[in-house]
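Trainee: Sequence and predicted structure, then a few things I'm wondering about:
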Amino acid sequence: MGAVAVHMMNGIWGTVAVGLFANPAVPGYSIADADGNGMAGLFYGGGFKLLDIQLLGFAAVASWAAVTIFIAFSVIKHTIGLRVSAEEEIQGLDATEHGLPSAYAGFAIMDTSNTLTMDVNENTDLGTGDYAEATDFQKEAAVKVVRTTAVDVPDTGMYKVSIICKLSRFDELKKELNDLGVTGMTMTQVMGCGVQKGSGSKYRGAEIDATLLPKVKVEVIVSTIPVDKVIETAKKALYTGHIGDGKIFVYHVARVVKVRTGEEDFAALADVE
């Protein structure tokens, strides 16, 4: 939020600047010593007296704030807790604390049906699609998309397990897979949602469309470790009972080649030199 840059640093500078630039000649000036004489800053011939007072004031306020904050935060930390959960940190407090998709959700406009919409202007109106405007000749000349039958992959005993889960559960999943004996994995940060469309996000009480949530895709190739064991381990690490726990996909692997050595299949997957 910029609180340190805006409030703390500017507050310190504002306090110290008085000791540098205070000018008794300015109308309405009210800083005076015990004798009622106006006190000038360092750059206006007042020496270090006023600057020393301002620096002392800054030190006193900073000390009071540091001690008070330490005591208050210590009490909070050991009672209700200071930090939110890892999952809430990833989702963002806009969503978990305020029920907003993001801090910029205020740019969205509600229509009379209380449905979240966005104004369409010349920059967002995409107009009629190219295919709708194409002639029959152009449509015939276009590249066709042909559905083909699936190719049966032989059961080689090697499988790829692809796990889609919450980012906040990745460390737990990684630990459990390592303990199981999985020697390698690939992790990709992705965005997505399931049939729940981002678990029904709302903006100011109104349901909005699907929200893409931060996820991770973890992929492992296994041969000697039973696939069912990998699945059970992943389910144990990921299960919370709430929407968005994730999904697990299992694929047959037809061939594996280790680039450095040229080894293939089981030999390529073996963790040996």
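Mentor: Yep, it's here. Every value quoted in this text rests on a predicted model; they were computed, and no experiment measured them.
Trainee: Count the neighbours of Val216 for me.
Mentor: 19 (other Cβ atoms under 10 Å). C-beta coordinates here come from the backbone N, C-alpha and C atoms, glycine included.
Trainee: Point me to the helix or strand that includes it.
Mentor: Val216 is part of strand 213-222 when elements are defined by DSSP states H and E.
Trainee: just checking, next helix/strand downstream of that strand?
Mentor: Counting by DSSP H and E, what follows strand 213-222 is helix 227-238.
Trainee: What residues sit buried inside that next one?
Mentor: Val227, Val230, Thr233, Ala234, Ala237, Leu238 (16 or more other Cβ atoms under 10 Å).
Trainee: what do you get for stretch 28-45?
Mentor: Ile31, Gly38, Met39, Ala40, Gly41, Leu42, Tyr44.
Trainee: residues making contact with it?
Mentor: Stretch 28-45 is contacted from outside by Val18, Gly19, Leu20, Phe21, Ala22, Asn23, Pro24, Gly46, Phe48, Lys49, Leu50, Leu51, using Cβ atoms under 8 Å, 6 or more residues apart in numbering.
Trainee: my read is Trp13 is in a strand, agree?
Mentor: No - read with DSSP: H, G, I helix; E, B strand; the rest coil, Trp13 is helix and lies in no strand.
Trainee: For it, give its distance to Phe21.
Mentor: The gap separating Trp13 from Phe21 is 11 Å, by Cβ to Cβ, to the nearest Å.
Trainee: out of the buried residues of helix 227-238, who's nearest Asp94?
Mentor: Leu238 (24.8 Å; Cβ to Cβ).
Trainee: Per-residue pLDDT of the closest one, please?
Mentor: Leu238 is assigned 91 on the pLDDT scale.
Trainee: so it makes contact with Arg169?
Mentor: Yes - the pair Leu238 / Arg169 is scored as a contact, 5.2 Å apart, by Cβ atoms under 8 Å.
Trainee: Common neighbours of the two, please.
Mentor: By Cβ under 8 Å, 6+ apart, the residues touching both Leu238 and Arg169 are Gly246.
Trainee: The helix or strand hosting Ala72: what's the following helix or strand?
Mentor: Using DSSP H and E, Ala72 falls within helix 49-77. Next along the chain after helix 49-77, taking DSSP H and E as the criterion, comes helix 86-91.
Trainee: got the angle for whichever strand or helix holds Asp171 vs helix 227-238?
Mentor: Per DSSP H and E, Asp171 falls inside helix 170-180. With axes from the mean of the first three to the mean of the last three Cα atoms, to 10 degrees defining the directions, helix 170-180 sits at 140 degrees from helix 227-238.
Trainee: Run through who's touching helix 170-180.
Mentor: Contacts for helix 170-180 (Cβ under 8 Å, 6+ apart): 163, 165, 185, 187, 216, 218, 220, 225, 229-230, 233-234, 236-238.
Trainee: The same query, at a cut-off of 10 Å, please.
Mentor: 86, 90, 161, 163, 165-166, 182-185, 187, 189, 215-216, 218, 220, 222, 225-226, 229-230, 232-238, 246 (Cβ atoms under 10 Å, 6 or more residues apart in numbering).
Trainee: returning to what we had before: and the helix holding Ala72, which residues are buried?
Mentor: Leu50, Leu51, Ile53, Gln54, Phe58.
Trainee: out of those, who's nearest Ala3?
Mentor: Phe58 (17.4 Å).
Trainee: State the distance from that closest one to Glu88.
Mentor: If you go by Cβ to Cβ, the gap between Phe58 and Glu88 works out to 36 Å.
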